[in-house]
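# Below are the sequence and a predicted model for it; my questions follow.
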Amino acid sequence: MKVTVVQCECGTTQAHRKFQTAENESQGFFSIEAGKQLLEMSLNKGLITQTDDETAATLKELESCGLPATKAEALAAAMDGRSTGLPETILARAAKNLRAEFELAEDRRRQVAQVVQEGLLGAEDGEKILALAAEIKQ
């Protein structure tokens, strides 16, 4: 089954792609790194089957799709220039809740990036929340 990389038309403003076969489409991804992980997971779980040559072609297509190389670069692009200027009390409460919910800094950053990508939080406020969460002792 040939898997191709296509532009996702879901309406999210940040550039992203998804995999497509003759039968279905994958969830969207925002970086080449995330795309490779999704492809590997799909192959390992048997959700898709391809020959080695087809997989190599899919990877080549993925690497030239124009997305940021890493999740961190995609996060930086998502957070670029957005600001809502929330009050410090709201930022502090959000940081406390985020810290309580997500122990690992990477998980907190991923969660904030998702909220920023959805347009619910500005990039500047997201960075403030992450900084405040990092200062909280558990």
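Received the coordinates, thanks.

# Straight-line length of stretch 40-54, end to end?
One end of stretch 40-54 sits 13 Å from the other (C-alpha to C-alpha, to the nearest Å).

# can you tell me which residues contact residue 117?
Counting by C-beta atoms under 8 Å, 6 or more residues apart in numbering, residue 117 touches 12, 14, 30, 78. Where you see a C-beta, it was placed from the backbone N, CA and C, and this is true even at glycine.

# was I right about residue 16 contacting residue 28?
Yes - at 4.6 Å, residue 16 and residue 28 qualify as touching, with contact defined as C-beta atoms under 8 Å.

# Quick check: neighbours shared by those two?
Going by C-beta under 8 Å, 6+ apart, residues that sit against residue 16 and also against residue 28 are residue 8.

# Of the two, give the one with the bigger neighbour count.
Between residue 16 and residue 28, counted using other C-beta atoms under 10 Å, the more crowded position is residue 16 (22 against 18).

# List the residues that contact that one.
8, 28, 29, 30, 67.

# looking at it, the second one is touching residue 15, isn't it?
If I follow you right, that is residue 28. No - at 10.1 Å, residue 28 does not count as touching residue 15 under the criterion of C-beta under 8 Å.
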